[in-house]
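Asks: Got a sequence here, can you model it:
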Amino acid sequence: MTMAKDLVIANGSTTAAKPVEGLWFEDGNLILKAENSLFKIYSGLLAARSSVFRDMLAFPPPPEGNTMVDGCPIVTVYDSAKDMGYFLMAVFDTSYFEPPPVQTELPIVEGVLRLSLKYDVQYLRRRALQHLLSTFPTTLKDWKQRDTQRTIPPVDNTPFAAFRLARQFDLAWLLPSILYCISSHPFEKTLDRSTWGTEEITLSWPDKRMCILGRQKIVMKQTQNALKMMKLASTNVDGCTSEMCASTRQRCAHVLGDWDMAGMLDYFEDNADMYFSGFCTQCRVAFKDLCASECQDMWNELPSMFDLPSWDVLEDLRGKSLD
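Replies: Below is the predicted model:
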């Protein structure tokens, strides 16, 4: 939201750019102009946070001088006003962009990450990456806790926006989780486009190909797991001869085998209503162990399904990114 007042430039003319409410400090000593938005802030604090701004502000003004408003120089930056707003709020309001477990939103993460990289604000860069990691983890343990630990809400088509972000900033270690999530969405979103806010996200052909082939491998793996369940349905589990247990295994297998999208990693938790009352205690434990084993197996294979480096390599990249 902007304050609707015209500002008078030193030469007496007015500017069409408008001050941004919340980032217009009356006693500020520097105005940043991004698109048609003006941010009146404190140069010393900004320079203390950003080595790039520190070096930039150390340069003497041009011979003709800077454009002045309210006695403050205006410096034009070539960033979107939206990104600059997110970034400056994170710099000047310590409660605006806190690290996990505090919640945030993906557009804020993206804007802060983009400008913290550009202007070298390392603590904000690390926070942005930590928020992404909470939502797209690199371990199965963290995946299982994702619903309670994620700090980016599950807005529809978030994985597609996150995929674009990971590609833009070369965050390969996020890709297995993101691509698995994409594989759990209707196929048409990968093939055609997905909607993110007012935008439409269309993947490049190489990325579509990677998503399609990886999704196919995930579905094939799930079909193999369904066949294992069917096989167990015809054999005794720890001496159990209950027809209900055998019938429940068959239902579980049919559900998994009918899916044409990713779902194995959350299969056991998401289908508790189906199997809990249908299994005896022994069969329930055996089924839980089978699902846990197959989930771990799928997780281990997830990077290779999308032709990505191994988890060991990706974990190394993650560690370096968060340093």
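
Asks: what about stretch 195-211, distance to the chain center?
Replies: 15 Å (Cα atoms, centre = their mean, to the nearest Å).

Asks: Give me the contacts around it.
Replies: Identification of contacts with stretch 195-211 by Cβ atoms under 8 Å, 6 or more residues apart in numbering yields 107, 156-158, 160-161, 163-164, 167, 179, 182-183, 190-194, 306-307. For the C-beta atoms, the positions are set from N, CA and C on the backbone; glycine is no exception.

Asks: repeat that with 6 Å
Replies: Residues outside stretch 195-211 that contact it (Cβ atoms under 6 Å, 6 or more residues apart in numbering): Asn157, Phe160, Ala161, Ile182, Thr190, Arg193, Ser194, Phe306.

Asks: Go ahead and produce PDB holding the CA coordinates of that stretch.
Replies: The C-alpha coordinates for stretch 195-211 follow below in PDB (Å, rounded to 0.1, in the frame of the first residue of the first chain):
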ATOM      1  CA  THR A 195      -1.600 -21.000 -12.200                       C
ATOM      2  CA  TRP A 196       0.300 -19.200  -9.500                       C
ATOM      3  CA  GLY A 197      -1.500 -16.100  -8.400                       C
ATOM      4  CA  THR A 198      -2.000 -14.000 -11.500                       C
ATOM      5  CA  GLU A 199       0.800 -15.800 -13.300                       C
ATOM      6  CA  GLU A 200       0.800 -18.900 -15.500                       C
ATOM      7  CA  ILE A 201       3.800 -21.200 -15.100                       C
ATOM      8  CA  THR A 202       4.800 -23.200 -18.100                       C
ATOM      9  CA  LEU A 203       7.800 -25.600 -17.800                       C
ATOM     10  CA  SER A 204      10.500 -25.800 -20.500                       C
ATOM     11  CA  TRP A 205      10.500 -28.900 -22.600                       C
ATOM     12  CA  PRO A 206      13.600 -30.400 -20.900                       C
ATOM     13  CA  ASP A 207      11.900 -29.900 -17.500                       C
ATOM     14  CA  LYS A 208       8.600 -31.300 -18.800                       C
ATOM     15  CA  ARG A 209      10.500 -34.400 -20.000                       C
ATOM     16  CA  MET A 210      12.300 -34.800 -16.600                       C
ATOM     17  CA  CYS A 211       9.000 -34.500 -14.800                       C
END
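
Asks: going forward can the numbers begin at 22, since that is how I track them
Replies: Okay, residue one is now 22; in that scheme the one you just asked about reads as stretch 216-232.

Asks: which of the residues in the helix or strand encompassing Arg230 are buried?
Replies: Arg230 belongs to helix 226-254 when assigned by DSSP states H and E. For helix 226-254, the neighbour count (16 or more other Cβ atoms under 10 Å) marks 228, 231-232, 235-236, 238-240, 242-243, 246-247, 250-251, 253-254 as buried.

Asks: which helices and strands does the helix or strand that comes right after that helix pack with?
Replies: Downstream of helix 226-254, the first helix or strand assigned by DSSP H and E is helix 264-279. Applying 3 or more Cβ pairs under 6 Å, 6 or more residues apart in numbering; DSSP states H and E, one finds that helix 264-279 makes contact with helix 226-254.

Asks: and with 10 Å instead?
Replies: When contacts are defined as 3 or more Cβ pairs under 10 Å, 6 or more residues apart in numbering; DSSP states H and E, helix 264-279 sits against helix 226-254, helix 288-291, helix 293-296, helix 302-326.

Asks: Can you check what angle separates it from helix 302-326?
Replies: If you take axes from the mean of the first three to the mean of the last three Cα atoms, to 10 degrees, helix 264-279 sits at 10 degrees to helix 302-326.

Asks: centre of the chain versus helix 264-279, how much separation?
Replies: Distance, stretch centre to chain centre, for helix 264-279: 35 Å (Cα atoms, centre = their mean).

Asks: Now it: buried residues?
Replies: For helix 264-279, by 16+ other Cβ under 10 Å, it's Cys266, Ala267, Thr269, Arg270, Gln271, Cys273, Ala274, Val276, Leu277, Gly278.
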